[in-house]
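Chemist: how does the following fold in three dimensions:
(chains A and B)
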Amino acid sequence: MRAEPSRLTSPSGTLEAAPRRVAAHAARVLGGGVLVTNDAGDWSVLSGADYGRYLAGAIPDEDPLGAELVRKDFVRERLDFPRLGDALVSRHLLDWPGPSVHTLVVTRRCNYKCVYCHASVVGPDDASTDMSVETARACVDLAFQSRNPELTFEFQGGEPLLNWPVVKFIVEYALLKNRAAGKTLHFGLISNFSLLDEAKADWLIARGVSFCTSLDGPADLHEKNRVALTGGRHADAVNGIKMILAKRAVGAKVDVPNAICTVTRHSLGRAREIVDQLVDLGLERVQLGPLDPVGFARRSWDAIGYTDAEYVRFYVEALDHLIALNKRGVKAYEKMAMILLIRVQEGGHWRFPNADGIARLAYDWDGSVYTGEDGRLLAAEGDDFFKIGRAGESRLSDLLDHPTVRASLYAAMPWSQPMCAQCAYGPYCTVQPVFNHETQGGLFGQMPTNHWCGKIMGIFDALFTRLQDPEARKVLESWLEYKDR
Amino acid sequence: MPTKKTRRALARRAQPSKRAARPASGEVVVSVKLGAAGSEPVLGAAYMMMDRAYALVEPGAAGALRVTLRPKGARGAAELAALKTSFEDELAAQRLRWAVARNNAPVREYVAENAIALAGEFAARAQAAPEPAAEQLTDDQRAEIERLIAEVETEISEMNREKKLPDPNGATRSWEAAQDAEKGRGAE
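Modeler: Just a heads-up that it's a prediction; the model follows:
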């Protein structure tokens, strides 16, 4: 019976650090070497022997490795303080101009009954959860209180096209309001596309709305997960994607649509097929969303859930397939990999996926405001812990100052977590307070047993391992170009 | 002011545990002398064991902590031995991590203080920027908004009156109706 290392993994043996030479860093055993990272987000992979020499202060500055360690601020007596300060500012303290992403649930009605749906939907004929025009206006007004020069309005549901008049109103009203505000506006429709026809698509495209749908892979897999009231509708998603791509091909100004693949137990072992399905359709972005036992999905977890290791295996298979496709000239990337790579390779903390309340807000059909979409989903299941106000009543400044926002933000920062503060991926990672609250009973959670942590660590391991391979690294770094799309 | 009962409880907590020095069946007990490293590495190592064991850290003999680990899985002799080795490995790693952290704490604090001051300067500059004129709409624009609202409300009320939703693919039909339609198509 072997002794298993902890999730942090550490070089073995009783090691001591030379006080004058060894700067603050976190170490992780990775493959045959040791990954070291620091607060500024710099990183290096050393052999086990070199890490021992580093700790002993036995690598001279003139040595090529020594020079690298000095340049990256791993040598305590050679630290570049202004550079470290700048790096901390850009990584953690800047770019907080207020919520940018505003997710609007224009209705909870849906014509699908997906097996893992988080959204706690109601039937398509029950209009009692349709957002009213008055509420829509209050939500847009609240969003415009943000000082952020860029605002994104995401339409979600239920199926947002079931409340089409209000979708149209929000777009028109925001555009009108923006004539005075002068911000850059983005709109995104997240839909199953079953109700998307030519007229709606043209109307939305004319106003700069981008499109996103859910596509879990080949038809049999998609329809196993996403059951429409009229039967599974893989064709809805595919036809919608093709319609938008066809319009784009003849000159319509619209982004390539996105499709999110939610990974369930049924997806395991089919990573390549799923990637191929998305890429063959002409999509550039592959997004392999892990299923979380949160909200409604918690109820069906026994049937569709999986372990962290199973998800990571699936993810790595898909990642390697995408890298291989790229080497053959196919242009496609995986979204989570791209986000993490931006943080690793470029610094900054591009897109806080969970800086809830600060970077994003979610609005339910009745104007209730939540720290983010995940918090709203919990409320739909009866837990309104993350509700922070109401459009039409609350001021944005009060929302940002709400105790739940403050606590969530604090919990999301790796340095306030006992394990994350020592984790080599701490400079690039963020904790998920809503996930922790739902699965572990507190915003801070317990990282050694946390399933989000288990999955994200596996993804980081895969990325850092592939960054050691020059060809794979070239492909991965090419994905950074998609940042601004 | 703590009550007599609270004071007694606090005093008890500071005393070495009177639990049996020998572990109960299916548990591992490790006694760790604190020394200069302090208690953090022990607490850190115990915390890191949580994915595989329940950990109890108590005052032990003078200057020591007593860590009891109860595996969450199998509790055979081999599993317990492996668990003990894992804890000891993690303790060594935690000692190194904490030594590096302590040695560098003043440096990190200095860098963080400078970074916060620098960020404060950026924030002050951002504050000075003029507020966006979000509400400064012209009368014409306001009239357009009113027209827009009236238009959408009319559309919604018509939609509700007719109970007819935009549904080009027949997605809102009941499952039974869809099946009937399928059968009908099949029979053609």
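Chemist: now do the strands in chain B.
Modeler: B:28-33, B:53-59, B:64-71 (DSSP state E).
Chemist: pick the most deeply packed of these.
Modeler: Ranked by mean neighbour count, the strands of chain B are led by strand B:64-71 with a mean of 20 (mean count of other C-beta atoms under 10 Å in any protein chain shown). All C-beta atoms are positioned from the backbone trio N, CA, C, and that covers glycine.
Chemist: and the angle for it with strand B:28-33?
Modeler: 160 degrees (axes from the mean of the first three to the mean of the last three C-alpha atoms, to 10 degrees).
Chemist: may I have strand B:64-71 as CSV, with CA atoms only?
Modeler: Coordinates of each C-alpha in strand B:64-71 appear next as CSV, following Å, rounded to 0.1, in the frame of the first residue of the first chain:
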residue,chain,number,x,y,z
ALA,B,64,3.8,18.8,21.3
LEU,B,65,0.6,18.4,19.4
ARG,B,66,-1.2,15.1,19.1
VAL,B,67,-2.8,14.3,15.7
THR,B,68,-5.3,11.5,15.4
LEU,B,69,-6.2,10.4,11.9
ARG,B,70,-9.2,8.2,11.2
PRO,B,71,-9.3,7.1,7.6
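Chemist: quick one: strands adjacent to it?
Modeler: strand B:28-33 (antiparallel), strand B:53-59 (antiparallel) (DSSP bridges).
Chemist: just put the ones you listed in TSV and tack on mean pLDDT.
Modeler: Formatted as TSV, these follow (pLDDT from 0 to 100):
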stretch	mean pLDDT
strand B:28-33	95
strand B:53-59	96
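Chemist: run through the residues that contact B:G38.
Modeler: Going by C-beta atoms under 8 Å, 6 or more residues apart in numbering or on different chains, B:G38 touches B:W98.
Chemist: please apply the same query to A:V256.
Modeler: A:V256 neighbours (C-beta under 8 Å, 6+ apart): A:245, A:248, A:282-285.
Chemist: is it within a helix or a strand, and which one?
Modeler: Following DSSP states H and E, there is no helix or strand that holds A:V256.
Chemist: and it, how far from A:S210?
Modeler: Plainly put, A:V256 is 9 Å away from A:S210 if you go by C-beta to C-beta, to the nearest Å.
Chemist: picking up where we left off before, mind checking which of the contacts of A:V256 are buried?
Modeler: Buried subset of the contacts of A:V256 (neighbour count, 16 or more other C-beta atoms under 10 Å in any protein chain shown): A:245, A:248, A:282-285.
Chemist: so the closest residue to chain B within the stretch 351-485 of chain A: helix, strand or coil?
Modeler: For the stretch 351-485 of chain A, the residue closest to chain B is A:P448, as judged by C-beta to the nearest C-beta, at 4.3 Å. Local secondary structure at A:P448 is given as helix here, using DSSP: H, G, I helix; E, B strand; the rest coil.
Chemist: where in the stretch 51-200 of chain A is pLDDT low?
Modeler: Filtered on pLDDT under 70, the stretch 51-200 of chain A yields the residue ranges A:94-95, A:117-120.
Chemist: chain B - how does it break down into domains?
Modeler: B:4-108, B:140-188 (automatic domain parsing).
Chemist: out of those domains, which gets the lowest mean score?
Modeler: Lowest mean pLDDT of those: domain B:140-188, a mean of 69.
Chemist: in the stretch 351-485 of chain A, which spans are strands?
Modeler: All strands of the stretch 351-485 of chain A, identified by DSSP state E, counting those that start in this stretch, fall at A:360-363, A:368-370, A:387-390.
Chemist: deepest-packed of the ones you listed, please.
Modeler: Buried most deeply of the strands of the stretch 351-485 of chain A, by mean count of other C-beta under 10 Å, is strand A:360-363, with a mean of 28.
Chemist: tell me if the biggest helix by length in chain B is near chain A.
Modeler: The longest helix of chain B (DSSP state H) is helix B:77-128. Yes - Helix B:77-128 reaches chain A (C-beta under 8 Å from any C-beta of the partner chain) through B:78-79, B:81-83, B:85-86, B:89-90, B:92-93, B:95-97, B:99-101, B:103-104, B:107-108, B:110-112, B:114-116, B:118-119, B:122, B:126.
Chemist: before we move on, the earlier item: could you redo the strands paired with strand B:64-71 as CSV and give each row distance to A:R390?
Modeler: Output for the strands paired with strand B:64-71, formatted as CSV (distance: least, C-beta to C-beta, whole Å):
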stretch, distance to A:R390
strand B:28-33, 53
strand B:53-59, 43
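Chemist: nearest to A:A201, of the ones you listed?
Modeler: strand B:53-59 (56.2 Å; C-beta to C-beta).
Chemist: so who does A:F187 touch?
Modeler: Per C-beta under 8 Å, 6+ apart, neighbours of A:F187: A:152-155, A:171, A:174, A:204, A:207-210.
Chemist: so which of those belong to strands?
Modeler: Those of the contacts of A:F187 lying in strands (DSSP E): A:152-155, A:209-210.
Chemist: follow-up on the earlier one: widest-spaced pair of the contacts of A:V256?
Modeler: Longest span within the contacts of A:V256, C-beta to C-beta: A:R248 and A:R285, 14.4 Å.
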